[in-house]
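Colleague: after the sequence you'll find the predicted model.
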Amino acid sequence: MPEWLEVVIRTLAAVVFLFILTRLLGKRQISQLSFFEYITGITIGDLAAVVSLELDGSWYLGVISLAVWVAISLLIEFLQLKSKKARGIIDSSGTVLIKDGKVLEDNLKKEKLTNEELLEQLRKKSVFKAAEVEFAVMEPNGEINVLLKKENLPLTPAMLGIKVAPEVEPQTVILDGVAMLEPLATIGKSMAWLNTELDKLGVSLDNVYLGQVDAYGGLFVDLYDDQIKVPEPQERALLLANLKKCEADLEMYSLSTKDKQGKQMFEQCSIQLDKVIGSIKPLLKR
């Protein structure tokens with residue numbers, strides 16, 4: 001067998017073998033690596049290269065070495081799952097870099113991290129002032145996580161005591177000018193509904209690059225032709241306007257009627273409708 005053909009066959013076999021081994025090690029091996037997993041990844045890649053290109057030696061010894069490394073990795077992962085002490089030895093623990101807005105220089109030196117690198121990592125978290133940080137820690141995988149001081153945290157509805165409805169996953173109903181029937185069925189919509197919504201927007205199906213339906217049934221589209229401006233859906237704004245009009249009509253009826261019972265009824269209905277509008281207004285203004 002020619003050497004080039006043998007290399008091709010071995011390389012293909014190594015790819016398949018590495019794929020199987022990676023599936024055994026799990027997704028963590030290809031996402032956030034611990035120190036040991038980093039070493040394992042480098043070693044396995046090097047051994048796979050040896051298996052592919054070593055024509056003079058016994059190539060099967062490389063395969064055995066690969067299998068041993070994977071077995072050790074699986075054993076280490078098992079120990080990490082079962083023992084906190086083992087996790088501390090293998091993965092080490094997080095290192096506090098900032099506390100109460102004060103940079104801990106000794107811990108930076110321990111992790112061999114410069115102040116410029118620390119500021120760069122903070123900027124990746126959208127933090128540009130170290131004084132705004134309550135707590136920053138370097139995780140065992142090298143990532144830096146940041147907790148801002150309370151006064152610097154983004155304002156949320158929970159902080160204001162406002163309850164909001166849970167957000168439902170948007171459904172992609174159009175891809176590359178083709179309607180997706182399964183997502184349409186998931187949200188209880190039909191092709192007739194989709195065509196009607198596209199007609200409202202004044203666009204054709206084949207000109208839609210991406211189309212999504214949000215939790216409130218609104219269709220948002222991105223067109224192939226970026227010069228065409230697509231109007232925003234107005235259903236929620238129209239509903240809010242109609243509710244306010246009903247409230248105004250009730251107030252007008254209460255002022256115009258001379259019947260005391262009727263006046264009281266219209267006033268109560270107006271007050272109740274105003275409460276309803278106040279509770280759903282954040283949803284209708286999204």
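Modeller: That came through, no problem.
Colleague: flag every buried residue along stretch 114-131.
Modeller: Residues of stretch 114-131 classed as buried by neighbour count (16 or more other C-beta atoms under 10 Å): 118, 121-122, 127, 130. Using the backbone N, CA and C atoms, a C-beta is placed for each residue, glycine as well.
Colleague: tell me the one of the residues you listed nearest Ala49?
Modeller: The closest of the buried residues of stretch 114-131 to Ala49 turns out to be Gln121 (C-beta to C-beta; 32.6 Å).
Colleague: just the C-alpha atoms of the host helix or strand of that closest one, please, in PDB.
Modeller: Counting by DSSP states H and E, the element that carries Gln121 is helix 115-124. The C-alpha trace of helix 115-124 is given here as PDB (Å, rounded to 0.1, in the frame of the first residue of the first chain):
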ATOM      1  CA  ASN A 115      -4.000  45.100  35.700                       C
ATOM      2  CA  GLU A 116      -4.400  45.800  32.000                       C
ATOM      3  CA  GLU A 117      -5.600  42.300  31.400                       C
ATOM      4  CA  LEU A 118      -8.000  42.600  34.400                       C
ATOM      5  CA  LEU A 119      -9.500  45.800  32.900                       C
ATOM      6  CA  GLU A 120      -9.800  44.100  29.500                       C
ATOM      7  CA  GLN A 121     -11.800  41.300  31.100                       C
ATOM      8  CA  LEU A 122     -14.000  43.800  32.900                       C
ATOM      9  CA  ARG A 123     -14.700  45.600  29.700                       C
ATOM     10  CA  LYS A 124     -15.800  42.300  28.200                       C
END
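Colleague: next helix or strand past it?
Modeller: Beyond helix 115-124 on the C-terminal side, the first helix or strand identified by DSSP H and E is strand 133-138.
Colleague: so, low pLDDT: which residues of the stretch 51-200 of the chain?
Modeller: 51-62, 86-92, 164-165 (pLDDT under 70).
Colleague: can you map out the helices along it?
Modeller: 59-82, 84-91, 105-110, 115-124, 181-186, 191-201 (DSSP state H, counting those that start in this stretch).
Colleague: which of the ones you listed sits closest to Gln261?
Modeller: helix 191-201 (43.9 Å).
Colleague: elements contacting that closest one?
Modeller: Where contact means 3 or more C-beta pairs under 8 Å, 6 or more residues apart in numbering; DSSP states H and E, helix 191-201 is packed against helix 181-186, strand 219-223.
Colleague: who's Leu175 bridged to?
Modeller: Val178, Leu210 (DSSP bridges).
Colleague: hmm, it is touching Leu210, no?
Modeller: Yes - counting by C-beta atoms under 8 Å, Leu210 is a contact partner of Leu175 at 6.5 Å.
Colleague: which residue sits farthest out from the middle of this protein?
Modeller: Lys258 (59.0 Å; C-alpha atoms, centre = their mean).
Colleague: in three-state terms, label that residue for me.
Modeller: Classification of Lys258 by DSSP: H, G, I helix; E, B strand; the rest coil places it in coil.
Colleague: likewise for the one 4 residues further on?
Modeller: For Gly262, the secondary-structure state derived from three-state DSSP is helix.
Colleague: contacts only, for Asp222.
Modeller: By C-beta atoms under 8 Å, 6 or more residues apart in numbering, Asp222 lies in contact with 208-211.
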